[in-house]
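Novice: sequence plus the predicted model coming up.
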Amino acid sequence: MAQLVVMYKTPNDTAAFDKYYAEKHIQVAKKIPGLRKYEISQGPVATPAGPSGYHLVALLHFDNLAAIQAAFGSAERKYEISQGPVATPAGPSGYHLVALLHFR
């Protein structure tokens, strides 16, 4: 199994971001070919030292690294990339692709 971790920076208006993410972004992301499971964090994203500066973490599960590579070439992923950072009525929220993990 391979997992892709995406961390979204805290936007100016978290309520507007959450609404957009739930109503628009997830619907597109769940159509990515090869995606087996899609999880998002609930509640604050913190570190042992305190606040992290991130609002949401998404964890995408695939069968293997090849499936992730294929997904990044899909029409759904190309659409997401064309949209740039997740835009909401409150302004853009940047994101970081922070880890690509492969488990046997």
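Specialist: Good, I have the coordinates. Since the model is a prediction, treat every value here as computed from it, not as a measurement.

Novice: for the residue nearest to L35 when sequence neighbours are not counted, helix, strand, or coil?
Specialist: Residue nearest to L35 in three dimensions, not counting chain neighbours: L60, with 6.0 Å by C-beta to C-beta, 6 or more residues apart in numbering. The C-beta positions use only the backbone N, C-alpha and C, and glycine is treated the same way. Counting by DSSP: H, G, I helix; E, B strand; the rest coil, the backbone at L60 sits in strand.

Novice: check L60 and give its pLDDT.
Specialist: L60 is assigned a pLDDT of 90 by the prediction.

Novice: correct me, but it touches V6?
Specialist: Yes - here L60 lies in contact with V6, judged by C-beta atoms under 8 Å, at a distance of 7.2 Å.

Novice: which of the two has more neighbours?
Specialist: Using other C-beta atoms under 10 Å, the more surrounded residue of L60 and V6 is L60, with 21 against 16.

Novice: for the more buried one, give the beta-bridge partners.
Specialist: Using DSSP bridges, the beta-bridge partners of L60 come out as L4, Y38.

Novice: quick one, helices of the protein?
Specialist: 14-20, 26-29, 65-72, 75-82 (DSSP state H).

Novice: which other helices and strands does the second one contact?
Specialist: Helix 26-29 sits against strand 37-40, helix 75-82, with contacts defined as 3 or more C-beta pairs under 8 Å, 6 or more residues apart in numbering; DSSP states H and E.

Novice: hey, least reliable of those by pLDDT?
Specialist: When the helices and strands packed on helix 26-29 are compared on mean pLDDT, helix 75-82 scores lowest, with a mean of 59.

Novice: please name the residues that touch L35.
Specialist: Each residue near L35 by C-beta atoms under 8 Å, 6 or more residues apart in numbering is listed here: A29, L60, H61, F62, A71.

Novice: for it, give its distance to P51.
Specialist: To P51, L35 is 30 Å away according to C-beta to C-beta, to the nearest Å.
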